[in-house]
Structures are given as C-alpha cells and as structure tokens.
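Colleague: would you be able to build a 3D model of this:
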Amino acid sequence: MSEHILKTEELRNRTVDELSKQLVELKQELFNLRFQHHTGQLENFRRIAHVKRNIARLSTILRERALHA
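Modeller: Next up is the predicted model:
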C-alpha cells in the first residue's frame, strides 16, 4: 500500500467494490504493522496512524453510501 493518506475526493470516485477491496487490504496491512510493532521490527510507527485514518475514511464513505442506498 502507498505511504500517503488517501484523499477523500479520490475515494468518492471509486466504486463500492473497489472501496471494499481496499478496506480489506488496509485491515490486513494494519494487522501486519501491529505484528511488526509487537515483535520489534517496525521502523515507521507513523504508518500505523496513516493506515488507521485511511480505514476510517473508507469506512465512513462506505457507510454514507449504504445510508443513501
């Protein structure tokens, strides 16, 4: 996954399937980062916060779309 925080405008232009797939990938990445952190292998601690924010953005957009459907 990329190192940047995802832009909300970019996410709103994607389909629900694309967003769902990316959400699964981000959750897997967060799991891996947490595992690395607990084993002392994580070098970039800020990456955990970035991934959590991206997960929150994706979840919010998916929830908004579910409510409007």
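Colleague: where does the protein have its least confident helix or strand?
Modeller: Counting by mean pLDDT, DSSP states H and E, the weakest-scoring helix or strand in the chain turns out to be helix 8-12, with a mean of 90.
Colleague: quick one: the helices in the protein?
Modeller: For the chain, the helices defined by DSSP state H cover 8-12, 16-38, 46-68.
Colleague: mean neighbour count added to those helices, as JSON lines?
Modeller: Any C-beta I mention is one placed from the backbone N, CA and C, and that applies to glycine too. Listed next are the helices of the chain as JSON lines, based on neighbours: other CB atoms under 10 Å:
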{"stretch": "helix 8-12", "mean neighbour count": "11"}
{"stretch": "helix 16-38", "mean neighbour count": "14"}
{"stretch": "helix 46-68", "mean neighbour count": "14"}
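Colleague: least reliable of the ones you listed going by mean pLDDT?
Modeller: With a mean of 90, helix 8-12 has the lowest mean pLDDT of those.
Colleague: then it to PDB, C-alphas only?
Modeller: Extracted in PDB, the C-alpha atoms of helix 8-12 (Å, rounded to 0.1, in the frame of the first residue of the first chain):
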ATOM      1  CA  THR A   8     -11.400  11.800   0.300                       C
ATOM      2  CA  GLU A   9     -12.200  13.100  -3.200                       C
ATOM      3  CA  GLU A  10     -10.300  10.200  -4.800                       C
ATOM      4  CA  LEU A  11     -12.200   7.700  -2.700                       C
ATOM      5  CA  ARG A  12     -15.600   9.100  -3.500                       C
END
